[in-house]
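Novice: got a predicted structure plus its sequence, pasted below:
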Amino acid sequence: MKASEVLDNLKRRFPNEPEYHQAVSEVLATIEEAYNEHPEFEKSNLIERLCIPDRIFSFRVTWMDDKGQIQTNMGYRIQHNNAIGPYKGGVRFHASVNLSILKFLAFEQTFKNSLTTLPMGGGKGGSDFSPRGKSNAEIMRFCQAFVLELWRHIGPDTDVPAGDIGVGGREVAYMYGMYKKLARENTGTFTGKGLEFGGSLVRPEATGYGNVYFLLQMLKTRGIELAGKTVCVSGSGNVAQYTVEKLISLGAKVVTMSDSDGYIYDPDGIDRAKLDYIMELKNLYRGRIREYAEQYGCKYVQGARPWGEKCDIAMPSATQNEINGEDAQKLLANGCFAVSEGANMPSTPEAIEAFLKAKILYAPGKAANAGGVSVSGLEMTQNAQKLSWSAEEVDQKLQSIMQNIHEQCVKYGQQPDGYVNYVKGANVAGFMKVAKAMMAQGIL
């Protein structure tokens, strides 16, 4: 396999999908050597089969707003690869959603789920509908209309959706309620459900906590303590909130959070009381992060990202491509020695190149943010067994999974000089498991 040839072919067949091309390019460049050590992979054209989704569903979603006006949105579900288990991946509701973004997310999810060691394939879905500014009744009607089309293609052993950007516990509950009514079954078909109807403890916290657990494993390789370190976090949604919560509990000083309008910089650090304010602001009132700056009298920068602020550690937890090459250089110039990704593909190729060249600790999202889907997998297990585990049990399993992912990254990513290329390690480890499963199951 020549990575460039495979990528050129995909660009020809699927033009105008830059996020998908970016994700594939990043993976192919790091697995090319391992792939070529297995001539049987090339003989069965495995790489092309792995890059192209098994199937894509796209559909119109028609719903009524509170004024009685009929609205239409596009809905999608990408079932990318189920070689090691049912398709598994979130549903994203955001105006930016398109086929390219969902294909990149489903592709990444396939390797991320492989890394967890749990039997889950990769998938992703969503809509260009945005919950922002909508009433609960409008969101409920949209979720029900979305599932009215999707329900035939999902199930506990087929495809198990979850939340993502714009889809939290409220949206999952509305979708699961409609699915249950249509399918006439009460199974673990969605994860991220409420505790009252099959949800798992620690699921809301899992992506943020898992990212910090992975960060701790990386820091340990260099004998660095997290306590006392200054951390820049982007985002203020679920992932960012629980990343900050865990960082605070371990003695780190978090100085930034953000949303799509801008970021706040609090040199005194975001403490527990301040984080509670942010959680209430975002989760209950759907407010904007600038209100934090007004409340606590700190700096707010409109229309910018926080990567120009001085920090030891950066944890991007907002969205894809939020750290570009220029941002990466600013972080490095300010002494940042670790970047651990809570979002999916938040660093551009130029940023990744800068981090790897500087040989800082850099954890790609498919490894560092795998805690969310890991606990989703544990939720599926609890649903199948009709059991609920304690928070301590789930958290212990999460820590063990993140440690295991780190060990796989080190195994496949350690270079002769001792530096661990976590990008290569995560990609090769995730790829090999899926590739071997596909080969064993024949040409499908």
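Specialist: Good, I have the coordinates.

Novice: the closest residue to K330 other than its chain neighbours and G235: what is the separation?
Specialist: Leaving aside its chain neighbours, K330 sits nearest to G308 (4.9 Å; criterion: CB to CB, 6 or more residues apart in numbering). Heads up, the C-betas are built off the backbone N, CA and C, glycines and all. Distance from G308 to G235, counting by CB to CB, to the nearest Å: 17 Å.

Novice: compare the two (neighbour count), which wins?
Specialist: G235 (30 against 18; other CB atoms under 10 Å).

Novice: and the pLDDT for the residue nearest to F129 when sequence neighbours are not counted?
Specialist: Among residues not flanking F129 along the chain, N73 sits closest, at 4.2 Å (CB to CB, 6+ apart). We have a pLDDT of 98 for N73.

Novice: same check, this time on E294
Specialist: Reported pLDDT for E294: 96.

Novice: next: the one 4 residues further on.
Specialist: The pLDDT attached to C298 in the predicted structure is 97.

Novice: and if you look at I101?
Specialist: You'll see I101 listed with a pLDDT of 97.

Novice: go on, L387?
Specialist: At L387, the pLDDT value in this model is 94.

Novice: which of the helices or strands spans V255?
Specialist: Assessed by DSSP states H and E, V255 sits inside strand 253-259.

Novice: quick one: mean pLDDT over that strand.
Specialist: According to the model, strand 253-259 has a mean pLDDT of 98.

Novice: same check on stretch 229-242?
Specialist: 97.

Novice: what about it, distance to the chain center?
Specialist: Computed by CA atoms, centre = their mean, to the nearest Å, the chain-centroid distance of stretch 229-242 equals 14 Å.

Novice: ends of that stretch, what's the gap?
Specialist: Length of stretch 229-242, first residue to last, CA to CA, to the nearest Å: 17 Å.

Novice: neighbours of the residue nearest to F129, how many?
Specialist: 20.

Novice: then K181?
Specialist: K181: 12 neighbours (other CB under 10 Å).

Novice: secondary structure class for it?
Specialist: helix (DSSP: H, G, I helix; E, B strand; the rest coil).

Novice: domain-wise, how is this protein divided?
Specialist: Structural domains annotated on the chain: 1-52+423-444, 53-186, 206-368, as defined by automatic domain parsing.

Novice: for E393, find the nearest of these.
Specialist: domain 206-368 (13.2 Å; CB to CB).

Novice: ends of that closest one, what's the gap?
Specialist: Termini of domain 206-368 sit 11 Å apart (CA to CA).

Novice: roughly how far is it from the heart of the chain?
Specialist: 15 Å.

Novice: and if you look at stretch 13-23?
Specialist: 19 Å.

Novice: list the buried residues for it?
Specialist: Using 16 or more other CB atoms under 10 Å as the test for burial, stretch 13-23 gives 14, 17, 19-23.

Novice: next, count neighbours for the nearest residue to E205 once chain neighbours are set aside.
Specialist: Of all residues not flanking E205 in the chain, Y242 sits nearest, at 4.3 Å (CB to CB, 6+ apart). Neighbours of Y242 under the rule other CB under 10 Å: 26.

Novice: would you agree Y242 is in contact with G210?
Specialist: No: using CB atoms under 8 Å, Y242 is not in contact with G210; the gap is 9.2 Å.

Novice: buried set for the helix or strand where G372 lies?
Specialist: In this structure, G372 sits in helix 371-385 according to DSSP H and E. Buried residues in helix 371-385, counting neighbours by 16+ other CB under 10 Å, are found at 371-383.

Novice: next one: stretch 196-209
Specialist: Buried-residue list, stretch 196-209, by 16+ other CB under 10 Å: 198-209.

Novice: same question for stretch 142-162.
Specialist: Buried-residue list, stretch 142-162, by 16+ other CB under 10 Å: 142-151, 153-156, 159-162.

Novice: stretch 267-280 too?
Specialist: For stretch 267-280, by 16+ other CB under 10 Å, it's 270, 274-275, 277-279.

Novice: likewise stretch 409-419?
Specialist: Neighbour-count burial for stretch 409-419 flags 409-410, 412-414 (criterion: 16+ other CB under 10 Å).

Novice: if I look at F104, how far off is K180?
Specialist: Counting by CB to CB, the gap from F104 to K180 is 31 Å.

Novice: three-state assignment of I264?
Specialist: strand.

Novice: touching, it and G297? I think so.
Specialist: No: if you go by CB under 8 Å, I264 and G297 don't touch, sitting 10.7 Å apart.

Novice: out of those two, which sits in the more crowded spot?
Specialist: I264 (26 against 9).

Novice: report the beta-bridge partners for the more buried one.
Specialist: M257, Y300 (DSSP bridges).

Novice: before we move on, the earlier item: out of the buried residues of stretch 13-23, name the ones that lie in helices.
Specialist: Taking DSSP state H, the ones among these that sit in helices are 19-23.

Novice: show me where the stretch 51-200 of the chain has helices.
Specialist: Secondary structure of the stretch 51-200 of the chain (DSSP state H, counting those that start in this stretch): helices located at 99-115, 136-150, 169-183.

Novice: JSON lines please, covering the buried residues of helix 371-385 and showing pLDDT.
Specialist: Converted to JSON lines, the buried residues of helix 371-385 look like this (pLDDT from 0 to 100):
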{"residue": "G371", "pLDDT": "97"}
{"residue": "G372", "pLDDT": "95"}
{"residue": "V373", "pLDDT": "96"}
{"residue": "S374", "pLDDT": "97"}
{"residue": "V375", "pLDDT": "97"}
{"residue": "S376", "pLDDT": "97"}
{"residue": "G377", "pLDDT": "97"}
{"residue": "L378", "pLDDT": "97"}
{"residue": "E379", "pLDDT": "97"}
{"residue": "M380", "pLDDT": "97"}
{"residue": "T381", "pLDDT": "96"}
{"residue": "Q382", "pLDDT": "97"}
{"residue": "N383", "pLDDT": "96"}
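
Novice: residue contacts, N404?
Specialist: Applying CB atoms under 8 Å, 6 or more residues apart in numbering, we find N404 in contact with T117.

Novice: from now on call the first residue 716
Specialist: Fine by me, first position is 716 from now on; the one you just mentioned is N1119.

Novice: may I have the secondary structure class of it?
Specialist: helix.

Novice: pLDDT score assigned to it?
Specialist: Note on N1119: pLDDT of 97.

Novice: please report how far it lies from L833.
Specialist: Counting by CB to CB, the gap from N1119 to L833 is 10 Å.

Novice: M890 too?
Specialist: Distance from M890 to L833, by CB to CB: 22 Å.
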